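> Quick check, what structure comes out for this input:
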Amino acid sequence: MSPFLSLTFFSIMILGTLTVLSSSHWLITWVGLEINTFAILPLMAQNHHPRALEATLKYFIVQVTAAMMLLFATMSNAWLSGQWSIQHMTHPIPLSMVIIALALKMGLAPLHAWFPEILQGLSFNLGLILTTWQKLAPLILFLQIPIESPALYTTLGLVSILVGGWGGLNQTQLRKMLAYSSIAHLGWIVLVMQFLPSLAFLVFLMYVIMTAPLFLTFQFMKTTTINSLSTSWAKTPILISLTPLTLFSLGGLPPLTGFLPKWLILDELTKQNMMPVAVIAALSALLSLFFYLRLSYAMSMTMPPNNLPSSLPWRLNSSRIPLFLTILTIASVSLMPLSPSIITFLLT
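Purely as a prediction, here's the structure:
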């Protein structure tokens, strides 16, 4: 695809998301979601690989199903209440349908089965867009709709954290592991969204800062499986030595950046007298931490085998690490000292 077409489709995708962010009318919001969906489809299919085309078709079917469910729920609410405004979604049945449609659109468990399979068929760059930018519009809608059923939010959050940790344990493909990591972090966001929306936005922002270096690092090293990570140390030793810290930060270990959102969420759940939910979420995070440790072990503590088929390539490309990747990697592990300023700026 030519650079002009790529820039056009990226601009249309951004325009669709901005339409959703700036609208309070369900019909215009639905149009923005459809613009966003149809703009990313050519970018997903530009590889002309069977897996990429299969992922594009699956993504199209899932997103159209969620959009039709969302449109039907909003039309039902307008018929019952006479209101098209997002804030006036008052009837419980259309409201529940909207929550389910948005959960399907984002890939929240138990409506998550499509997400790892689609991410597996895409490149790391498009996978990064799918796990970050494409989640923004549904999350904003989650923040705007009235919270009439907090038990549904809590159930979706806990199930997503459990599935995101459990599903990534037996994976060997890096893209699928990152997909389950995204599901788990979305669970944390939905879990706290009903109590403190500004904290949910902070968690999403921290997740973007932490997951972007991983996608860009794996794209830079051209590795797709855990086995290929053992040969990466000879290509970029400095980057490989910093990537485990990014993984630990994504798992929420102190004193790294990822500890801040999990600490604030558990603190807020404790203030809301939801100690069992906080304990289950904290224990479920250990499942995700296990496969983060598994990736770190494969990168930093294993050596490549000496047999001929698995030996290192005879020439290593001496390419420089991009500046943007360097900045994101440093930010993903070193923002914890700035937590008072971040909390003051975003949560007050």
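
> ok now do Phe204, which residues does it touch?
Residues counted as contacts of Phe204 (Cβ atoms under 8 Å, 6 or more residues apart in numbering) are 135-136, 139, 189. (Each C-beta comes from the backbone N, C-alpha and C, glycine too.)

> host element of it?
Per DSSP states H and E: Phe204 is located in helix 197-221.

> If you count neighbours, what's buried in that helix?
Residues of helix 197-221 classed as buried: 197, 199-204, 206-221 (neighbour count, 16 or more other Cβ atoms under 10 Å).

> One more: stretch 66-78?
Under the neighbour-count criterion of 16+ other Cβ under 10 Å, stretch 66-78 has 66-67, 69-71, 73-74, 77-78 buried.

> tell me which of the residues you listed is nearest to Phe38?
Nearest to Phe38 among the buried residues of stretch 66-78: Ala67, at 10.3 Å, using Cβ to Cβ.

> To what extent is the closest residue to Leu286 other than its chain neighbours buried, counted in neighbours?
Excluding the flanking residues, the one nearest Leu286 by Cβ to Cβ, 6 or more residues apart in numbering is Gly165, at 7.4 Å. If you count neighbours by other Cβ atoms under 10 Å, Gly165 ends up with 23.

> Over to Pro322?
Residues lying near Pro322 (other Cβ under 10 Å) number 11.

> re earlier: which two in the contacts of Phe204 are spaced the farthest apart?
Among the contacts of Phe204, Leu136 and Ile189 lie farthest apart (Cβ to Cβ), at 11.3 Å.

> Looking at these two, which one has more neighbours?
Neighbours were counted for Leu136 and for Ile189 using other Cβ under 10 Å; Ile189 has more, 25 against 18.

> measure the more buried one to Gly32 for me?
For Ile189, the distance to Gly32 (Cβ to Cβ, to the nearest Å) stands at 21 Å.

> Quick check: buried residues in the helix or strand that comes right after the helix holding Phe204?
Later in the chain than helix 197-221, the nearest helix or strand by DSSP H and E is helix 237-251. By neighbour count on 16+ other Cβ under 10 Å, the buried set for helix 237-251 is 239-240, 242-251.

> quick check, nearest of these to Leu335?
Of all the buried residues of helix 237-251, the one with the least separation from Leu335 (Cβ to Cβ) is Ser249, at 8.8 Å.

> for that closest one, what are its contacts?
For Ser249, the contacting residues are 210, 256-259, 332-333, by Cβ under 8 Å, 6+ apart.

> So the residue nearest to Leu286 sits against Leu287, correct?
Yes. Checked against Cβ atoms under 8 Å, the pair Gly165 and Leu287 is within contact range at 2.7 Å.

> Show me what the helix ranked longest in the chain is packed up against.
Ranked by residue count under DSSP state H, the longest helix found in the chain is helix 50-81. On a contact count with 3 or more Cβ pairs under 8 Å, 6 or more residues apart in numbering; DSSP states H and E, helix 50-81 meets helix 26-45, helix 92-106, helix 114-120.

> wait, which of the ones you listed is closest to Ile61?
Each of the helices and strands packed on helix 50-81 has some distance to Ile61 by Cβ to Cβ; the shortest is helix 114-120, at 8.4 Å.

> got the CA coordinates for that closest one in CSV?
Extracted as CSV, the C-alpha positions of helix 114-120 are listed here (Å, rounded to 0.1, in the frame of the first residue of the first chain):
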residue,chain,number,x,y,z
TRP,A,114,-11.9,-13.5,18.7
PHE,A,115,-9.2,-11.2,19.9
PRO,A,116,-6.1,-13.5,20.3
GLU,A,117,-6.9,-15.2,17.0
ILE,A,118,-7.1,-11.9,15.1
LEU,A,119,-4.0,-10.5,16.7
GLN,A,120,-2.1,-13.6,15.7
